[in-house]
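Chemist: I'll drop the sequence and a predicted model, then ask my questions.
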Amino acid sequence: MRRVLIIHGPNLNLLGTREPEVYGSITLEEINKSLKNLAQEEGVELIIHQSNHEGQIIDWIQDYRQEVAAIVLNPGAFTHYSIAIRDALAAVALPVVEVHLSNIHQREEFRHHSVIAPVAQGQIAGFGPESYLLGLRAALGLIRKG
């Protein structure tokens, strides 16, 4: 199966206008276009969603668990406190790559801890939109390793 689930968490729909000094001026649509281009080059299908709602993210993780081979997730603020998303990821036992546009470890103290990281195979942070492309490449590598 060569499908990857991409989930963008809360407030990422505002990229391009939201705190451009932190997140840059690129929009979510532009990130998704770059991801689709890479996916096409790699021969993989993407399922892409964005939500500001924790329960919706959990539903997608559960609903697609048998349809995808990996998940690339930017949990946004849920990174730091959503045990529910963490537990959903653990329950589906798929490879997970956590991505962040900014380097969460260089930001406010409360952003330094990720409850998602212990159930992810890796975390990519601080490379702006490139974080997503690196995350997709990492997910594809995990799929190939089986």
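Modeler: In hand now; what should we look at? Keep in mind it's a predicted model, so treat the numbers as computed, not measured.
Chemist: Quick one: low-confidence residue ranges for the chain.
Modeler: 1, 18, 20, 22-24, 106-108, 110-112 (pLDDT under 70).
Chemist: now the strands for it?
Modeler: Secondary structure of the chain (DSSP state E): strands at 3-8, 45-50, 70-74, 96-100, 122-125.
Chemist: Need these in CSV (columns: distance to Arg144 and mean neighbour count).
Modeler: The C-beta positions use only the backbone N, C-alpha and C, and glycine is treated the same way. What follows is these, written out as CSV (distance: least, C-beta to C-beta, whole Å; neighbours: other C-beta atoms under 10 Å):
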stretch, distance to Arg144, mean neighbour count
strand 3-8, 12, 24
strand 45-50, 16, 16
strand 70-74, 10, 26
strand 96-100, 14, 26
strand 122-125, 15, 20
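Chemist: any chance of those in a markdown table, plus distance to Glu19?
Modeler: Converted to a markdown table, the strands of the chain look like this (distance: least, C-beta to C-beta, whole Å):
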| stretch | distance to Glu19 |
| --- | --- |
| strand 3-8 | 16 |
| strand 45-50 | 17 |
| strand 70-74 | 15 |
| strand 96-100 | 13 |
| strand 122-125 | 16 |
